[in-house]
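Enquirer: how would this look folded up:
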Amino acid sequence: MEIPVITLTTDWGTRDFYVGAVKGKLLQKIPTANIIDISHHIAPHDIIHASFVLKNALPYFPDNTIHLLGVNTNASLEMPHTVVKARNQYFIGTDSGIFSLILDEEPVQVIHLDIHQESDYFTFPVRDLFCKAAAEIVAGKELSSLGVEAEGVKQLQSFQPVTTENSINAKVIHIDRYQNLITNISIEMFRQVGKGKPFKLHFHNRQFTISELHHEYNEVNEAELIAIFGSSGFLEIALNLGKASELLGMGLDAPVIVEFMK
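Expert: Predicted coordinates for the structure are as follows:
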């Protein structure tokens, strides 16, 4: 029998009871579940952060994995609780636009949940509603039995870099635990615009520049800035054994400019 894989991505942290309560509820309903914590340290209510983290983990999960999204879960007519089937996996969360940020393709099926939750409280839908929906999916129920079919998900457009013939104007979209700055410049975009030409990478104050790409952090000296395409596939600014965000005074949305030599 296939063991159901269920992931959790939330902004709850780990000091409160929320994570334990959801895991307990899942195991009550699906005793064989293999529950995987993707992250419980998403910035509060930040669906962009959540989508970046989950999107980069998705390729490594098997078909039929169920992903529970515990970020910005308050529902409304415009943002209903929703089940999405896409990429041979399932996503259960609030349709705040997060699904469109996670997925690069049209969903196979979208269902606005219409099942009774399992408590009289309406502040904890992951425990009281999403776990129930996950159990129904594991039991083999048709998604259409869980609610009302929808044509698609709410669309949010993530900011895309502005390119010219010889430049890319981008921004920081993620800062990891090591204070590495991850930009929204993909390796494909860098190659397409740059065409192998020399470049200079600038930041907001232009005090620091980088003019070379590396493959590993330790290819430069300690406390030296480095530009690298990391495991996310995006251009990353790091400080070897240091904190690039702190050194550069840069946070989320900070501008990053690549200028290619003519």
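Enquirer: CA atoms for contacts and neighbours, from now on please.
Expert: Fine.
Enquirer: which residues does the residue nearest to residue 166 when sequence neighbours are not counted bridge with?
Expert: Nearest in space to residue 166, with sequence neighbours left out and distances taken as Cα to Cα, 6 or more residues apart in numbering, is residue 260 at 5.0 Å. Applying DSSP bridges to residue 260 yields these beta-bridge partners: residue 199.
Enquirer: quick one: pLDDT of residue 260?
Expert: Looking at residue 260, its pLDDT reads 95.
Enquirer: swap in residue 170?
Expert: For residue 170, the predicted pLDDT is 95.
Enquirer: The nearest residue to it once chain neighbours are set aside and residue 186, how far apart?
Expert: Spatially, and ignoring its direct neighbours in sequence, residue 170 is nearest to residue 161 (4.4 Å; Cα to Cα, 6+ apart). To residue 186, residue 161 is 10 Å away according to Cα to Cα, to the nearest Å.
Enquirer: Tell me which of these two has more neighbours.
Expert: residue 161 (19 against 16; other Cα atoms under 10 Å).
Enquirer: ok, back up a step: what's the residue nearest to residue 170 in contact with, if anything?
Expert: Counting by Cα atoms under 8 Å, 6 or more residues apart in numbering, residue 161 touches 168-171, 184-185.
Enquirer: Sitting in strands, which of those do you find?
Expert: 168-171, 184-185 (DSSP state E).
Enquirer: Closest one of these to residue 107?
Expert: residue 184 (23.4 Å; Cα to Cα).
Enquirer: on that earlier part again, mind putting the contacts of residue 161 in TSV, distance to residue 15 and neighbour count included?
Expert: Output for these, formatted as TSV (distance: Cα to Cα, whole Å; neighbours: other Cα atoms under 10 Å):
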residue	distance to residue 15	neighbour count
168	41	21
169	39	17
170	36	20
171	32	23
184	32	22
185	35	25
